[in-house]
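Let's see this in three dimensions:
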Amino acid sequence: MSNLSLEEVNELYLDVLKEIGNIGAGNATTAIANMLNLKINMHVPKVELLPVEKIGSSIGAEDEIIVGIMLGVEHDIEGSMMFLMDMQSARHLVNRLMMKPADYEGEFDEMELSAIKEIGNIIAGSYLSALSGLTNLVIMPTVPYVAVDMAAAILSVPAIQFGMLGDNALMIKTEFGDDFAINGYFILMPEEGSYDKILKALGIPL
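A predicted model of the protein is given here:
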């Protein structure tokens, strides 16, 4: 079996990835709604396969301060993943979780950063559970870490790591919220050898 690059992934595979994105986003939204005890409306996620070097420009300005949650993917599928949010979205989620005033805009303290990690755990776990459920593969996230910095700085390290794993990444843009729209970007970069495993598990001819 030859290793497949994302350039060789066909439209059927992309459709399956979109469906995984839809299921994962739904799972994540439900989990966050339960955690915050509120009703959340969700828009259909936008799924793209992008060259690693174009991830930053697709998200926004390089000097924009964002929140990044990065973790590894292991077991049957190996690779890395990230969840990125703009500061307003991250602050809104944290304020709701920590029961702070909706207009509070202070810098994140250690407890709030820990809360962001937990949010990242829930979101990443939801997407990986969707992929695992469709493929029957064992896919587990590692312990996440959080960075609050300019987009270019946050994306520089994973861009190098992603570049070692493959040329492209799967990016899923999600939007959900009640009276406030939360914008987030989920980025999955499996090792190239993992593509074959996913395709085979989904019954797609190689």
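
pretty sure I187 contacts K173?
No. I187 is beyond contact range of K173, at 10.0 Å (criterion: C-beta atoms under 8 Å). (C-beta placed from N, C-alpha, C; glycine too.)

Neighbour count: those two, which is higher?
I187 (23 against 18; other C-beta atoms under 10 Å).

For the more buried one, which non-adjacent residue is closest in space?
Leaving aside its chain neighbours, I187 sits nearest to M82 (4.5 Å; criterion: C-beta to C-beta, 6 or more residues apart in numbering).

Report the separation between the one you found and K200.
Noted for M82: a distance of 26 Å to K200, by C-beta to C-beta, to the nearest Å.

Which one of these two is surrounded by more residues?
Ranked by neighbour count (other C-beta under 10 Å), M82 and K200 place M82 first, with 24 against 14.

how about that one, secondary structure?
Secondary structure, DSSP: H, G, I helix; E, B strand; the rest coil: M82 is strand.

Kindly state the beta-bridge partners for the residue positioned nearest the centre of the chain.
In the chain, the C-alpha nearest the mean C-alpha coordinate belongs to F186, at 2.2 Å (C-alpha atoms, centre = their mean). Beta-bridge partners for F186, by DSSP bridges, are F83, I172.

show me the contacts for it.
Applying C-beta atoms under 8 Å, 6 or more residues apart in numbering to F186 gives the contacts 21, 24-25, 81-83, 123-124, 127, 171-174.

lowest average confidence, helix or strand, in the chain?
One helix or strand of the chain scores below all others by mean pLDDT, DSSP states H and E: helix 151-165, with a mean of 66.

show me where this protein has strands.
41-42, 46-51, 65-75, 79-86, 139-141, 145-150, 168-177, 181-190 (DSSP state E).

Worst mean pLDDT among the ones you listed?
Note on these: strand 41-42 shows the lowest mean pLDDT, a mean of 70.

I'd like the strands of the chain as CSV, with distance to T29 appended.
Shown next, in CSV, are the strands of the chain (distance: least, C-beta to C-beta, whole Å):
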stretch, distance to T29
strand 41-42, 5
strand 46-51, 15
strand 65-75, 16
strand 79-86, 13
strand 139-141, 18
strand 145-150, 21
strand 168-177, 5
strand 181-190, 9
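
among the ones you listed, which is nearest D15?
D15 lies closest, by C-beta to C-beta, to one member of the strands of the chain: strand 46-51, at 9.3 Å.

Which neighbours in the sheet does that closest one have, and how are they oriented?
strand 168-177 (antiparallel).

Distance from the strand it pairs with to the middle of the chain?
Relative to its parent chain, strand 168-177 has a centroid offset of 6 Å by C-alpha atoms, centre = their mean, to the nearest Å.

Kindly format the C-alpha coordinates of that strand as PDB.
The C-alpha trace of strand 168-177 is given here as PDB (Å, rounded to 0.1, in the frame of the first residue of the first chain):
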ATOM      1  CA  ASN A 168      -1.200  20.100   3.700                       C
ATOM      2  CA  ALA A 169      -3.600  20.300   6.600                       C
ATOM      3  CA  LEU A 170      -7.300  19.800   7.000                       C
ATOM      4  CA  MET A 171      -8.800  23.100   8.300                       C
ATOM      5  CA  ILE A 172     -12.400  23.200   9.700                       C
ATOM      6  CA  LYS A 173     -13.900  26.600  10.400                       C
ATOM      7  CA  THR A 174     -16.600  26.400  13.000                       C
ATOM      8  CA  GLU A 175     -19.100  29.100  14.200                       C
ATOM      9  CA  PHE A 176     -21.400  28.600  17.100                       C
ATOM     10  CA  GLY A 177     -23.000  30.600  19.900                       C
END
